[in-house]
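Trainee: any chance you can model this:
(chains A and B)
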Amino acid sequence: MKPRLQVDPQKAMKEFADFNARLQKGGALLDRTKGRDVEIATTPKKEVFRVDKTVLYRYTPTAKTTVGPPVLVVYGLIGRYTMADLQEDRSLVRNLLAQGVDLYVVDWGNPTRSDRWLTLEDYIDGYLGDCVDHILEATGLPSLTLLGICEGGVFTICYAARNPEKVKNLVITITPVDFHAGAKDAPLHHGLIGLWARSMSREDVDRLIEANGNLPGELMSFVFSMMTPVNALTKYNLGLFDVMDDEKKLLNFLRMEKWLSDRPAHPGEAAKQWLKDLYQDNQLVKGTFKLGGEKVNLKKITMPVLNVFAEEDHIIPPKSSQALKAQVGTRDYTELPLPGGHVGVFVSGKSQGILGKNIYGWLKKHS
Amino acid sequence: MKTFDPFKGFDPSKGLDAGNEWMRYWSENQKSLFQAFMEGKPPPFAVMGEPPPAGEPGSQAGLASELMQRALEQWTTLAKGAWTKTGGFDADAMTKLFDPAEWKRAGSQFDMGLEKLTEGPTYATLWDMDKKMLQAQKLWVERARDVEAYYGIVQGAWNKTLQRFLKAVNDPKGDPITDGRGLLDLWLSIANGALLEMHRSEEFLEAQRRMTRSSAEYQLAERKIAEAFCEMHHIPTRTEMDEVERTVTELRREIRALKKPKVVKKTVARKRK
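Mentor: Have a look, this model is predicted:
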């Protein structure tokens, strides 16, 4: 019987020569690459409102408005909104603008230790509420469309449930609703963030926040890297090597890394609510989650809802997002499953066009 | 060596004699200490004479004796600290100490040392700092133990990877591996599976939890030391800053709540148009 390992010495020599050639070409390409080549979130926008560290931007329209009302993009505090506008040919923002959507985005800034006492109420009722009010006041409209991404999706769900009169349409993408769903029978790398959050006691979370003030962005990056351990270990050698002789792929790789490394700290008190009330106790789907002393009643979400999730999402399992269907108080509820992973839905070449086109189509229908 | 009768000191009928006995003991120790300083040696605390024997527990004399003992211990700690912090009390320094012309000079290194020797409250601060440092050291050891346990589990996953890899490479039923990259990809694929299994295991999650917790506890103990230093040097502490920031956050909430009705009214007014 032949052994499994059958490396031909001549083939191995050729492989080594190819490796060196690629390394040389890639090295030259890396030398030529400057900071400006890997800028992200370059779509022009203007600051229209600011409160504390939160800034509301309005993207400069690139086409005549074809749908209304304006759409406010809301990202969470884990990561940054720039993912929706990674680069020119991979940008939900540019896709929507090109089709005539009046688009705003909220930037939470860089929370520091001084923001440790900010709660989810401050972000949802406070800052997000202020941004919504500003847009409504500026446009003279009674309501707008909210487009939430990941934790930002939870913010928009809560806001819509508490202020249904101000939200005409609700679009959520890759958003957890049932924080315990999808843990059983899932692939090994799915739902690890929930396991991590639930492995800690409530006191562990409190002490972690007390010691650091906030939930450090570096810690969250580490938790995310646990889901794809070998990729995390090899991306700067093998991963980079695989793309380093292709300029387009290399720049895309570097832009992605730029976005991944820009992970702000999550304000401490809000992080406690996120980890304990939602990830540990699963209060949102149980109907026991409170903001400002009041329960968030998802049945009050009476506006049309579009729920976009990624079929291969290892961070937010599809079942976690799909749990919203049974909770909302509207019959106009649409699910849009897309191929790809959590971030891939926004930044992969495959999903470009699909996401923007589908969201636009739904908005047009609900304009 | 002096013999000492602690009860004598607290017999009202003995009058001032009692206090004098304590005073003599104190003066001798002072002399011994300063003599050591003059000679440029660390103070010979071990040969400072017989400390006053303890009285009966709970008795007036016993309490006083304990108090004196504690004061001496604090004095010893303090003097040691002063010795090392000021770089040593040499003969010149001691001459300056007894030179009235030098007494007018404030803020010198020597004055700082003297202040440390004479200021009562500093004793407590220094003693407290020792306890804080001991606590931090203990927590550091606990953290190191938890980090080691964590990496032990991670190492286990790599050992498992190696075992599985060797088995896979020697499995005659597997697809042939004909190049280096194929071999590397096999290794990485096996490693990924083993690491993911490990990351999901209760053993790993518990080790990670313990490591995170002990790191947090150590950080907090370290903060206590830093805050003691801050207090000594009139610098606001982290805890005080946190309190201020909490107040600012609460005030902002109040301001927003006060402003909110105005915004609502404006929105409603627009709607009517």
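Trainee: CA atoms for contacts and neighbours, from now on please.
Mentor: Fine.
Trainee: surely A:E47 meets A:V55?
Mentor: Yes. Contact status for A:E47 versus A:V55: in contact at 6.8 Å, counting by Cα atoms under 8 Å.
Trainee: which of these two has more neighbours?
Mentor: A:V55 (18 against 13; other Cα atoms under 10 Å in any protein chain shown).
Trainee: tell me the bridge partners for that one.
Mentor: A:R50, A:D107 (DSSP bridges).
Trainee: and it, what does it touch?
Mentor: Taking Cα atoms under 8 Å, 6 or more residues apart in numbering or on different chains as the criterion, A:V55 is in contact with A:47-49, A:106-109.
Trainee: export these to JSON lines and append columns for pLDDT.
Mentor: What follows is those, written out as JSON lines (pLDDT from 0 to 100):
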{"residue": "A:E47", "pLDDT": "97"}
{"residue": "A:V48", "pLDDT": "97"}
{"residue": "A:F49", "pLDDT": "96"}
{"residue": "A:V106", "pLDDT": "97"}
{"residue": "A:D107", "pLDDT": "97"}
{"residue": "A:W108", "pLDDT": "97"}
{"residue": "A:G109", "pLDDT": "96"}
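Trainee: most neighbours among those residues, which one?
Mentor: Going by other Cα under 10 Å, A:V106 tops the contacts of A:V55 with 25 neighbours.
Trainee: one step back: which one of the contacts of A:V55 is nearest A:G293?
Mentor: Using Cα to Cα, A:W108 comes nearest to A:G293 of the contacts of A:V55, at 23.5 Å.
Trainee: isn't that closest one right up against A:T54?
Mentor: Yes. Counting by Cα under 8 Å, A:W108 touches A:T54, with 4.4 Å between them.
Trainee: before we move on, back to that, pick the one among the contacts of A:V55 closest to A:A271.
Mentor: A:W108 (14.3 Å).
Trainee: who touches that closest one in this structure?
Mentor: A:53-55, A:77.
Trainee: again with A:F155
Mentor: Neighbours of A:F155 in contact, by Cα under 8 Å, 6+ apart: A:74, A:76, A:123-124, A:148.
Trainee: spatially, which two of the residues you listed are the most separated?
Mentor: Among the contacts of A:F155, A:Y123 and A:G148 lie farthest apart (Cα to Cα), at 13.3 Å.
Trainee: ok so, going back, closest to A:P164 among the contacts of A:F155?
Mentor: A:I124 (13.5 Å).
Trainee: per-residue confidence at the closest one?
Mentor: At A:I124, the model reports a pLDDT of 97.
Trainee: these two touch, right, A:I172 and A:C158?
Mentor: No. Counting by Cα under 8 Å, A:I172 stays clear of A:C158, with 11.5 Å between them.
Trainee: got any ranges where the stretch 101-250 of chain A has weak pLDDT?
Mentor: In the predicted model, the stretch 101-250 of chain A carries no residue with pLDDT under 70.
Trainee: measure A:T62 to A:E88 for me?
Mentor: 13 Å (Cα to Cα, to the nearest Å).
Trainee: more neighbours, the two?
Mentor: A:T62 (17 against 14).
Trainee: just how off-centre is the helix or strand hosting A:G361 within its chain?
Mentor: Counting by DSSP states H and E, the element that carries A:G361 is helix A:354-365. Averaged C-alpha coordinates place helix A:354-365 at 18 Å from its chain's average position (Cα atoms, centre = their mean, to the nearest Å).
Trainee: what does stretch A:290-307 give?
Mentor: Per Cα atoms, centre = their mean, the centroid offset for stretch A:290-307 relative to its chain is 20 Å.
Trainee: same check, this time on stretch A:221-238
Mentor: Stretch A:221-238 has its C-alpha centroid displaced from the chain centroid by 18 Å (Cα atoms, centre = their mean).
Trainee: could you list the buried residues of it?
Mentor: For stretch A:221-238, the buried set under the neighbour-count rule, 16 or more other Cα atoms under 10 Å in any protein chain shown, comprises A:221, A:223-224, A:226-231.
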